[in-house]
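*Asks:* Have a look at this fold, sequence not included:
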């Protein structure tokens, strides 16, 4: 994700030890860092994601969405991108613009490649290795943005078939990104369409975390029908917390075709335990899951019941989101 001039050397070692003893909050970093299962911003302050997913690659004209979700209180937006393998490729210039929109609106930007979705089961889905090719090809847009951007390698990178290679493939993808110069905090999605019902990510997370030379990787589980009881949610997330591994709920909804997720427990447990989350999704859903839209036709004045719940309800965004301190104290633009 570690003699001669003995007096000077001892002093240097003591200083280094003190820095590590106090953790990220003892000093400013170039970007986000991970320590003790928590995410810290570049000022060394703990940051807990409270935001939404936005389907930018399918709706590139909806650039006002960034300002709209910020106005409703979000501190993070997870942005859907495409490598060009299944949908229109998002160029480095487009990604630069997305990052600037996030920064202008004082939102932390989680970028994800969606073309990996359901690999091994979904026709046309690409490998994590192919997703890394994309990230390295747009490195010019990413470099220097470590304080504002988190790189989510690939969305739901395996379906419910042939997912046992997730651990090795994810570890190798992280190593390639680091070798290629990507210094950002990395986020990795679980297999099984993100829901990890076979517990592959849960059980091998330490191996993947230790594969990162920077030890700067965050794990992301997607909670839909698999997580329909309070016990399942608390047990899954609790195992990461007890091992000091960073976990976020990268997607979740109030309903789904595979069952009825317990969104109330997701919201209450994450709030009680300092775990970040990103609801799915702002607007533009189709294929029978239109009920997951938070806003009707991208209109922030027409929130759906799901949008009202997530933004304005108990343990929702307005009540719990805190802006990243890297944006300073100047009020956000209107």
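*Replies:* Looks like it arrived, so ask away. Bear in mind that the values here come from a model prediction, so they are computed numbers and not experimental data. Residues are numbered from 1 along each chain as shown.
*Asks:* now the strands: where do they sit in the stretch 201-334 of the chain?
*Replies:* Assigned by DSSP state E, counting those that start in this stretch, the strands in the stretch 201-334 of the chain fall at 217-223, 247-252, 276-279.
*Asks:* Which positions within stretch 315-326 qualify as buried?
*Replies:* By 16 or more other C-beta atoms under 10 Å, the buried positions in stretch 315-326 come out as 315-317, 320-321, 323-324, 326. C-beta coordinates here come from the backbone N, C-alpha and C atoms, glycine included.
*Asks:* should've said stretch 109-126
*Replies:* Across stretch 109-126, burial judged by 16+ other C-beta under 10 Å covers 109-120, 122, 125-126.
*Asks:* Let me have the strands of the stretch 201-334 of the chain in JSON lines, extended by mean neighbour count.
*Replies:* Shown next, in JSON lines, are the strands of the stretch 201-334 of the chain (neighbours: other C-beta atoms under 10 Å):
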{"stretch": "strand 217-223", "mean neighbour count": "25"}
{"stretch": "strand 247-252", "mean neighbour count": "26"}
{"stretch": "strand 276-279", "mean neighbour count": "26"}
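*Asks:* can I get those in TSV with mean pLDDT?
*Replies:* TSV is the format used below for the strands of the stretch 201-334 of the chain (pLDDT from 0 to 100):
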stretch	mean pLDDT
strand 217-223	98
strand 247-252	98
strand 276-279	98
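*Asks:* what would these look like in TSV with distance to residue 241?
*Replies:* What follows is the strands of the stretch 201-334 of the chain, written out as TSV (distance: least, C-beta to C-beta, whole Å):
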stretch	distance to residue 241
strand 217-223	11
strand 247-252	7
strand 276-279	12
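*Asks:* so which of these gets nearest residue 130?
*Replies:* Smallest distance to residue 130 across these (C-beta to C-beta): 19.1 Å, for strand 217-223.
*Asks:* for the stretch 1-150 of the chain, what spans make up the helices?
*Replies:* Along the stretch 1-150 of the chain, the segments classed as helices by DSSP state H, counting those that start in this stretch run 6-22, 65-71, 92-104, 128-137, 139-142.
*Asks:* Pick out the shakiest of these, pLDDT-wise.
*Replies:* For those, mean pLDDT drops lowest on helix 6-22, to a mean of 34.
*Asks:* List the residues that contact residue 128.
*Replies:* For residue 128, the contacting residues are 116, 119, 153-154, 157, 169-170, 172-173, by C-beta atoms under 8 Å, 6 or more residues apart in numbering.
*Asks:* now residue 233
*Replies:* Contact analysis of residue 233 by C-beta under 8 Å, 6+ apart lists 223, 227, 262, 265-266, 269.
*Asks:* Could I get these in a markdown table, plus columns for distance to residue 137?
*Replies:* Shown next, in a markdown table, are the contacts of residue 233 (distance: C-beta to C-beta, whole Å):
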| residue | distance to residue 137 |
| --- | --- |
| 223 | 31 |
| 227 | 35 |
| 262 | 40 |
| 265 | 40 |
| 266 | 35 |
| 269 | 38 |
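*Asks:* Among these, name the buried ones.
*Replies:* Among the contacts of residue 233, the ones that count as buried by 16+ other C-beta under 10 Å are 223, 227, 262, 265-266, 269.
*Asks:* State the number of residues packed around residue 188.
*Replies:* 25 (other C-beta atoms under 10 Å).
*Asks:* Would you check that it makes contact with residue 153?
*Replies:* Yes - contact criterion C-beta atoms under 8 Å: residue 188 and residue 153 qualify, at 5.8 Å.
*Asks:* Which neighbours do these two have in common?
*Replies:* Contact with both residue 188 and residue 153 is made by residues 170, 173-174, according to C-beta under 8 Å, 6+ apart.
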